[in-house]
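In: just coords:
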């Protein structure tokens, strides 16, 4: 049977690829954006945030603080990479969100599993029209070219069959059509590039539609599907060591530390009621990637919480930014 030997969660923001001296450059987008997401469900402008609550994060939005948080976050990522090296998994399941990279936005399944032998990343398009900070980020996201990562087709197909048998209607894909136009995005490339340390470990991408309503799975549904994924894994006939990774989040593009800690504490307490009770109104835009963590929470239910790190990043005085989260779970009998 397949055994889950490690569970991980991590943010994948561009700030983790850019050096701290460029965080302010990333924040320039915030000042002009009209779609800064509040946890109450609104998309607002920077001026609206300032009008409502002022700019209380002047001290946090400094290069000195950015440097400290960047160093701490890189140390947490190194620790996650150490966890993978020590666990030596045969395959890594990555629960991420598809932001129109593999599936088109107008044909987006609520949940899908990729069961192909080759996982091909999607080159970031139209870089000439994008801010300069995006160019180095494409490398850390493996989106500078169409990179090929080995997949585990057999396990992917097994999971699809196992979930269908458990009344989970799951979408699927087994190949990347037109790799110059389609492929896998940063939710997957960042994990491989940053945590695998050059090792060739097959992956199975699980794709959640977190970004594009109305077919976004409810928080409780994400967790419950995770429970069923764990059941299906246990029925795999071959002996496989499996690592499961939640990629993305936490809150952004307006940092909400209260929401983030509610998620982390709910996951570490394995409290379905707390996790199911997270308001869907708080899970839109970038914060929608919290759903990836909720699904992994179901998969690792019963495992032993090992450690977590959390750093609320306020890259502007009004508090736009991202909640950086990193976490690990170990086998209960480990």
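Out: Yep, that arrived. None of these values were measured; they are calculated from a predicted model. Numbering: from 1, shown residues only.
In: Beyond the longest helix anywhere in the chain, next helix or strand please.
Out: Identified as the longest helix of the chain according to DSSP state H is helix 63-87. Downstream of helix 63-87, the first helix or strand assigned by DSSP states H and E is strand 91-97.
In: Strand partners (parallel or antiparallel) of that following strand?
Out: strand 203-208 (parallel), strand 240-247 (parallel) (DSSP bridges).
In: returning to what we had before: pull out the buried residues from the longest helix of the chain.
Out: The neighbour-count check on helix 63-87 (16 or more other C-beta atoms under 10 Å) flags 65, 66, 69, 70, 73, 76, 77, 80, 81, 83, 84, 87 as buried. No exception for glycine: its C-beta is placed from N, CA and C like everyone else's.
In: Sketch out the low-pLDDT regions of the stretch 1-150 of the chain for me.
Out: Counting by pLDDT under 70, the stretch 1-150 of the chain shows low-confidence ranges at 126-131.
In: before we move on, the earlier item: what packs against the longest helix of the chain?
Out: Using 3 or more C-beta pairs under 8 Å, 6 or more residues apart in numbering; DSSP states H and E, the elements in contact with helix 63-87 are strand 2-10, helix 23-32, helix 186-195, strand 240-247, strand 304-314, strand 321-330.
In: what about those, which gets the closest to residue 122?
Out: Comparing those against residue 122 with C-beta to C-beta, the closest turns out to be helix 186-195 (8.6 Å).
In: packing partners for that closest one?
Out: Checking 3+ C-beta pairs under 8 Å, 6+ apart, helix 186-195 ends up next to strand 2-10, helix 63-87, strand 91-97, helix 134-140, strand 148-150, strand 203-208, strand 240-247.
In: now do 10 Å
Out: strand 2-10, helix 63-87, strand 91-97, strand 118-120, helix 134-140, strand 148-150, strand 203-208, strand 240-247 (3 or more C-beta pairs under 10 Å, 6 or more residues apart in numbering; DSSP states H and E).
In: Could you point out the helix or strand that follows the third one?
Out: Following the chain from strand 91-97 toward its C-terminal end, the next helix or strand by DSSP H and E is strand 111-114.
In: Report the strands that pair with that following strand, each with its relative direction.
Out: strand 171-173 (parallel), strand 203-208 (antiparallel).
In: tilt between the longest one and helix 186-195?
Out: Going back to what we said before, that points to strand 203-208. Angle of strand 203-208 versus helix 186-195, following axes from the mean of the first three to the mean of the last three C-alpha atoms, to 10 degrees, is 140 degrees.
In: pLDDT averaged over strand 203-208 - what is it?
Out: Mean pLDDT, strand 203-208: 98.
In: next one: it to chain centre, how far?
Out: 11 Å (C-alpha atoms, centre = their mean, to the nearest Å).
In: With the shortest one instead?
Out: For strand 171-173, the gap between its own C-alpha mean and the chain's C-alpha mean amounts to 19 Å (C-alpha atoms, centre = their mean).
In: Please identify the buried residues of it?
Out: 171, 172, 173.
In: I figured the first one hits residue 205, correct?
Out: In this case it means residue 171. No. The pair residue 171 / residue 205 is not scored as a contact, 11.9 Å apart, by C-beta atoms under 10 Å.
In: any residues in contact with both of the two?
Out: Jointly contacting residue 171 and residue 205 under the rule C-beta atoms under 10 Å, 6 or more residues apart in numbering are 112, 113, 114.
In: That concludes my questions; thank you for your assistance.
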